[in-house]
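# my questions concern the predicted model and sequence given below.
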Amino acid sequence: MLLDDASPQLVILTAKKTKLERGKRLPLHSIHRWWSRRFSSIYRFLLASFLFTDEESVQRAIDEPKLMRKRSKGKIFMEPFAGGGTGISEAAFAGWSVYGVDINPVATSISKASLFLVTNGLPRGYEKIAIRVLDKSLTESQNIWKFDGKYASYIFISRDKAPTWISTRSVNNRQILVLMCPNCYTIFESSEKQTNCPTCGHRFEAGIKGSTELKNSFPETIKGWKIYAIELRNPKNKWKKEYKSPIHEKEIRKWLRKSSKEAEKIREEIIDEVDLAINVDEGRRLLREAQIEKYYQLFTTRQLASFYLFSLESRKLARNRRDKLFLAIALSESTKASSLVAKWHPPIGEPVPAGAMKTYWVPKHTVESNPLAHIPGTLRPLGRNTIASAIRMQLRADTFIKENGGPSNSKVKIVTGDAEQIKIPRLVDLAVVDPPYMDAVKSYASLSLIHYIGIKLFDSVNMSRFVSSTSLKKVEDVEISRERKEYEEKLYKIFTKLTERLHNKSRVVLMYNRLTTHDWLPPLRAAKLAGLFPTSIYWVPGESPGGLARSKLRGIYLIVLRKSEKPNKIPILFEEIIEELDDTYPVDTEVELESYKALNEALKVFDP
């Protein structure tokens, strides 16, 4: 089997293919961004090298997964930690029968949408339905987002000081800074960071950190959050951006008070569904740093009202459960930017999504994003990560699938539950085990807070059960432990369950990387005790490079395991691969080498 003995050239090619997905995943995996998504080319390498015996065929299949469909028919692929569904979606797209499991209902809902896309395509007529739902929602929300014939796309808010650099826009490929004078609060535009206020003459340097004291006369959007600027989009002037100051314009202040009251009335329709204590791990930090203790406090009143109106129109216009699933996923995706835990970044004029770096920002200043902002009759968004943006990505994914072999009609199943407890297929050909790391993130359930509450709200209006049948606290309680002993025991039970379903040609691939032998031992011991032994190990890029991530590790090891056969030597492809990566994929070679040494030491557990 080629998977047991891939050449350095093939693995290098696979590693270099990840370059196409850095910063922007394939449309298929972008309908809902999930943390720690692996690169699709890595999964395609595993799937194709299991099926083919020659490297040329594997290389072609990495580019064209439809080439696997004849050989994959009847083959079963399984993931007990399916996450956002990258692996199971790639397998289903390549024609495998797929069985995925995840403890988190948000993850399984996303996976269900992805799997339906790759096996069937979007429901017929979905685009028209989605536009109608959005248009009706925007119309119904006019009293909370529309001022003087213009829609607010962002309302700038702070619970402390405000930055002098508010936003950035591009004019003829030239960067224009939107600034607020720290002396008189005039909002104006400048091409220079150091500038004079055109009103009072005060000279200052634009900065993105909160430095401007906000007087009590600045209106509040919700308790503790003051509004210091508004971005309006003018439909009569090609949706040109305009910036208004509430401190200088009485009519803006009156509108803000009135629209807040209107939003409050709408929110009352669903407040009971979201007036719940945040009792998962992340809740302690949200309470400590931002006094957020309940689910509804993760959003502004306008945002909650908007989600409700969208959910209500979905109930009226969606034809079936499939339509509702994709609409719910679009709402969930928009919560990344339409929440108080999104971080506003003035140099790009966009919010950085909440949960982007496996934790929540708890910003002192951010924006109240309008999740419904779009040009009526179209899916053109008027802001980042709006619901319209998410629906557009669903359509792009559908087009991508049609242009790359079409829906596969594969048999698929995704289950919400504990992989240790649920039944698995009678026979498994290839399984990928990509478990959470022990100390990287204390609670993955916490990371899905905003998505969970968005879909839960949608469920309450539509009488659907995409997430509402499962408590997020219960999910966290049964997540795999981060304590080494319990972690090892859990993996041993899952590996044992898999081993019972494997045949001689089956393979299990463990995706893992840690810096110390101590951290490497639990999964390796668990595999050995379950009767699984390595045949080969490959280092490949694991996550997109970036300076914000907590860990400096950027690689992941693919540890190919087979049933009941002890190897004399375990080949590891590491140096040959990492040396071939160019500057577009910066890795800390010393750190990766440290993990390589730790792995080699831990592999002694398999010695006779």
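Looks like it arrived, so ask away.

# near the nearest residue to residue 492 once chain neighbours are set aside, how many other residues are there?
Distance criterion C-beta to C-beta, 6 or more residues apart in numbering; nearest residue to residue 492, sequence neighbours excluded, is residue 526 at 4.0 Å. Just so you know, the C-beta spots here come from the backbone N, C-alpha and C atoms, and that holds for glycine as well. The burial count assigned to residue 526 is 23, neighbours taken as other C-beta atoms under 10 Å.

# could you do residue 516 as well?
For residue 516, using other C-beta under 10 Å, the count is 13.

# same thing with residue 594?
16.

# now residue 575
That count, for residue 575 with other C-beta under 10 Å as the rule, works out to 14.

# just residue 285 next, same as before
Residue 285 has 14 neighbouring residues, counting by other C-beta under 10 Å.

# check residue 170 too.
Applying other C-beta under 10 Å, I find that residue 170 has 9 neighbouring residues.

# how far away is it from residue 369?
Separation of residue 170 from residue 369 (C-beta to C-beta, to the nearest Å): 19 Å.

# go on, residue 400?
From residue 400 to residue 369 the distance is 27 Å (C-beta to C-beta).

# contacts only, for the residue nearest to residue 492.
488-489, 491-492, 495 (C-beta atoms under 8 Å, 6 or more residues apart in numbering).

# can you rerun that using 6 Å?
Applying C-beta atoms under 6 Å, 6 or more residues apart in numbering, one finds that residue 526 lies in contact with 488, 491-492, 495.

# likewise for residue 493?
Neighbouring residues of residue 493 by C-beta under 6 Å, 6+ apart: residue 420.

# so how far is residue 56 from it?
Look at residue 493 and residue 56: by C-beta to C-beta, they are 40 Å apart.

# again with residue 429
In terms of C-beta to C-beta, residue 429 sits 22 Å off from residue 56.

# between those two, who's got more neighbours?
The neighbour comparison of residue 429 against residue 56 (other C-beta under 10 Å) goes to residue 429, with 21 against 9.

# what is the helix or strand harbouring residue 559 packed up against?
Element membership for residue 559, per DSSP states H and E: strand 555-563. Contacts defined by 3 or more C-beta pairs under 6 Å, 6 or more residues apart in numbering; DSSP states H and E place strand 555-563 against strand 502-512, strand 532-541.

# quick one on the thing from earlier: most neighbours among the contacts of residue 526, please name it.
Result: residue 491 is most packed of the contacts of residue 526 (other C-beta under 10 Å), 26 neighbours.

# for it, give me its contacts.
Applying C-beta under 6 Å, 6+ apart, the residues contacting residue 491 are 523, 526.

# the helix or strand where it lies versus strand 532-541: what angle between them?
For residue 491, the host element (DSSP H and E) is helix 484-499. Between helix 484-499 and strand 532-541, the angle comes out at 110 degrees (axes from the mean of the first three to the mean of the last three C-alpha atoms, to 10 degrees).

# how big is the angle separating helix 484-499 from strand 502-512?
Using the same axes, to 10 degrees: helix 484-499 against strand 502-512 is 150 degrees.

# excluding chain neighbours, what is closest to residue 450?
residue 335 (4.2 Å).

# for residue 457, see how far away that neighbour is.
Look at residue 335 and residue 457: by C-beta to C-beta, they are 10 Å apart.

# list the buried ones in the host helix or strand of residue 252?
Applying DSSP H and E as the criterion places residue 252 in helix 250-267. Using 16 or more other C-beta atoms under 10 Å as the test for burial, helix 250-267 gives 252-253, 255-256, 259-260, 262-264, 266-267.

# any chance of these in a markdown table, plus pLDDT and distance to residue 453?
Listed next are those as a markdown table, based on pLDDT from 0 to 100; distance: C-beta to C-beta, whole Å:
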| residue | pLDDT | distance to residue 453 |
| --- | --- | --- |
| 252 | 96 | 30 |
| 253 | 95 | 30 |
| 255 | 96 | 28 |
| 256 | 96 | 25 |
| 259 | 96 | 22 |
| 260 | 95 | 21 |
| 262 | 96 | 22 |
| 263 | 97 | 17 |
| 264 | 96 | 18 |
| 266 | 95 | 16 |
| 267 | 94 | 13 |
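
# quick one: which of these is nearest to residue 128?
Taking C-beta to C-beta as the measure, residue 128 lies nearest residue 266 of the buried residues of helix 250-267, at 25.7 Å.

# low-scoring stretches of the stretch 301-450 of the chain, by residue?
Within the stretch 301-450 of the chain, the segments meeting pLDDT under 70 span 355-360, 438-440.

# could you check the angle the helix or strand harbouring the residue nearest to residue 492 makes with strand 555-563?
Secondary structure from DSSP H and E places residue 526 in helix 517-529. Angle, helix 517-529 to strand 555-563, by the same axes, to 10 degrees: 20 degrees.

# pLDDT on helix 517-529, on average?
Average pLDDT, helix 517-529: 96.

# just the buried positions in that helix, please.
Buried residues in helix 517-529 (16+ other C-beta under 10 Å): 517, 519-529.

# just stretch 156-169 next, same as before
Judged by neighbour count (16+ other C-beta under 10 Å), stretch 156-169 contains these buried residues: 156-159, 161-168.

# show me which of the residues you listed is closest to residue 605.
residue 159 (50.8 Å).

# shouldn't that closest one be in contact with residue 224?
Yes. Assessed by C-beta atoms under 6 Å, residue 159 is found in contact with residue 224 at 5.0 Å.

# identify the contacts common to the two.
With C-beta under 6 Å, 6+ apart applied, the contact sets of residue 159 and residue 224 do not overlap.

# put the alpha carbons of stretch 489-496 into PDB.
C-alpha atoms of stretch 489-496 as PDB (Å, rounded to 0.1, in the frame of the first residue of the first chain):
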ATOM      1  CA  GLU A 489      -7.600   6.000  28.500                       C
ATOM      2  CA  LYS A 490     -10.100   7.700  26.200                       C
ATOM      3  CA  LEU A 491      -8.000   7.300  23.100                       C
ATOM      4  CA  TYR A 492      -7.300   3.700  24.000                       C
ATOM      5  CA  LYS A 493     -11.000   2.900  24.100                       C
ATOM      6  CA  ILE A 494     -11.600   4.600  20.800                       C
ATOM      7  CA  PHE A 495      -8.600   2.900  19.200                       C
ATOM      8  CA  THR A 496      -9.800  -0.500  20.600                       C
END
